[in-house]
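Student: Here is a sequence together with a model predicted from it:
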Amino acid sequence: MPKGYWVTTYRTINDPAKVAAYAALAGPVMAEFGCRYLCRGPAAVAHEAGVKERVVVGEFPSLEAAIACHDSPGYQKALDVLADGAVRDMRFVEGVE
């Protein structure tokens, strides 16, 4: 079964304290669903319409696991804490193998 990837790019961070509170809640929930972070931090370089802001890529056992994590009550609680703390673009992608 192909792995699932959760890719989040931050367009802007409006409140770093809210982002930190979100991360403290979201990290353990994502681990419960088998997430392994491949990268997280500011972009080293941005091209085309890219923004040199925070990027997070999480690898899950499957696309279904990534989606279930996002839809879980624990992750939704983390989103409530984040609220207007950041503007993000989030994508879920199935691996090729």
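Tutor: That came through, no problem.
Student: Distance of the nearest residue in space to Pro2 that is not next to it in sequence relative to Cys39?
Tutor: Nearest-residue entry for Pro2: Gly95, 4.1 Å, with adjacent residues in sequence omitted and distances by Cβ to Cβ, 6 or more residues apart in numbering. For the C-beta atoms, the positions are set from N, CA and C on the backbone; glycine is no exception. Distance from Gly95 to Cys39, counting by Cβ to Cβ, to the nearest Å: 15 Å.
Student: Which of the helices or strands spans Cys39?
Tutor: Using DSSP states H and E, Cys39 falls within strand 36-42.
Student: Quick check: what element follows that strand along the chain?
Tutor: Heading C-terminal from strand 36-42 (DSSP H and E), you reach strand 54-60.
Student: Quick one: list the elements packing against the helix or strand following that following strand.
Tutor: Once the chain leaves strand 54-60, the next helix or strand it forms, by DSSP H and E, is helix 63-71. Applying 3 or more Cβ pairs under 8 Å, 6 or more residues apart in numbering; DSSP states H and E, we find helix 63-71 packed against strand 4-13, helix 16-32, strand 54-60, strand 86-94.
Student: Tell me which other helices or strands the helix or strand that helix 63-71 is followed by touches.
Tutor: Past helix 63-71, further along toward the C-terminus, the next helix or strand under DSSP H and E is helix 73-82. Counting contacts by 3+ Cβ pairs under 8 Å, 6+ apart, helix 73-82 is packed against helix 16-32.
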